[in-house]
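Enquirer: after the sequence you'll find the predicted model.
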Amino acid sequence: MSNRNPILEFKNIHVQVEGKEVVRGVSLTIRAGETHAIMGPNGSGKSSLSNALMGHPSYQITRGEAFLDGRDILTMSADERSRAGLFLAFQYPLAIPGVTVANFLRSALQAHRGKEADMSDFRKLLRAKLAELEIDENFVSRYLNDGFSGGEKKRIEILQMSVLNPRMAILDETDSGLDIDALKTVAEGINRFHNDTNGVLMVTHYQRLLNYVKPEYVHVMMAGQIVTSGGPELALKLEDLGYDWLEKEPAASTGA
């Protein structure tokens, strides 16, 4: 186990959606330089956990605690959590007609920095990130996600992450809807972003993303709880055996 201080640490998190408990006592610690993956079947609570940690108002945390660099994020609004360094790539990114990709990214960067983002510096940063992700520069003049394919939306999510450079990135089903070429490009963007000063938590149903972004820790979530944790070999076992072999295992929340 790393002796580095935790970036994101949450303990005994319970989440309700419309009065129904969908996450039941999940705990995890992610340190600088670590990549973790949470896997699980549909309906296991993975996305609910991600949205709740980011502060989505439809996902109510009823018990537990969560800290980003030692700061209590449960007392923060969603935008405060973002400025503190928490980032969420959505499973289904929303389209915002009337707002261009470039204006959206510049406004987001300005909000994070707390000051006007210099236009020339912003353009240099944006061009560099577009090149890394193999995104045509024409995309930045289009309305955000309006008419974009699934792969294009996910690339723009990774572009946003690269521009904002958060301390902790939660990637919710980033591989869904991607063909193999788009998956490789997105994975390359994640790998370029990740370094010894930040953390990554990937939430996924399938093992295929983990072929390109290698996690140190894999956690399996079922029925709102983490039922087992291990190394990358656990993802390969799930690929071979599915989730059925875990259904009779005793549920136990764990930290890494």
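Expert: Yep, it's here.
Enquirer: roughly how far is stretch 58-78 from the heart of the chain?
Expert: 16 Å (Cα atoms, centre = their mean, to the nearest Å).
Enquirer: tell me the mean pLDDT for that stretch?
Expert: In this model, stretch 58-78 has an average pLDDT of 97.
Enquirer: end-to-end on that stretch?
Expert: 12 Å (Cα to Cα, to the nearest Å).
Enquirer: contact partners of it?
Expert: 5-18, 21, 25-27, 48, 51-57, 81, 84-86, 167-168 (Cβ atoms under 8 Å, 6 or more residues apart in numbering). Where you see a C-beta, it was placed from the backbone N, CA and C, and this is true even at glycine.
Enquirer: buried subset of those residues?
Expert: Burial by neighbour count, judged by 16 or more other Cβ atoms under 10 Å, picks out 6-11, 13-17, 21, 25-27, 48, 51-56, 81, 84-86, 167-168 from the contacts of stretch 58-78.
Enquirer: in helices only, show me the residues you listed.
Expert: Among the buried ones among the contacts of stretch 58-78, the ones falling in helices (DSSP state H) are 48, 51, 52, 53, 54, 81, 84.
Enquirer: closest one of those residues to residue 246?
Expert: residue 48 (19.1 Å; Cβ to Cβ).
Enquirer: from residue 221, how far out is that closest one?
Expert: In this view, residue 48 and residue 221 are 10 Å apart by Cβ to Cβ, to the nearest Å.
Enquirer: same deal with residue 186?
Expert: 22 Å.
Enquirer: and the helix or strand that contains residue 155, what's its mean pLDDT?
Expert: Applying DSSP states H and E as the criterion places residue 155 in helix 150-164. Averaged across helix 150-164, pLDDT comes to 91.
Enquirer: ok, back up a step: which pair of the ones in helices among the buried ones among the contacts of stretch 58-78 spans the longest distance?
Expert: 48 and 84 (21.2 Å).
Enquirer: run through the helices of the stretch 51-200 of the chain in chain order.
Expert: Under the criterion DSSP state H, counting those that start in this stretch, the stretch 51-200 of the chain contains helices at 78-84, 101-113, 119-132, 150-164, 180-193.
Enquirer: could you list the buried residues of the shortest one?
Expert: What that stands for is helix 78-84. 81, 82, 83, 84.
Enquirer: and which of those is nearest residue 229?
Expert: residue 81 (24.8 Å).
Enquirer: now the lowest-mean-pLDDT helix or strand in the chain against helix 101-113, angle please.
Expert: Least confident helix or strand, the chain: helix 119-132 with a mean of 87, by mean pLDDT, DSSP states H and E. On the basis of axes from the mean of the first three to the mean of the last three Cα atoms, to 10 degrees, helix 119-132 is oriented at 110 degrees to helix 101-113.
Enquirer: neighbouring contacts of helix 119-132?
Expert: Contact with helix 119-132 is made by 102, 105-106, 109, 136-137, 139-140, 159, 162-163, 188-189, 192, as judged by Cβ under 8 Å, 6+ apart.
Enquirer: for the stretch 151-256 of the chain, give me the ranges with low pLDDT.
Expert: For the stretch 151-256 of the chain, applying pLDDT under 70 flags the ranges 247-256.
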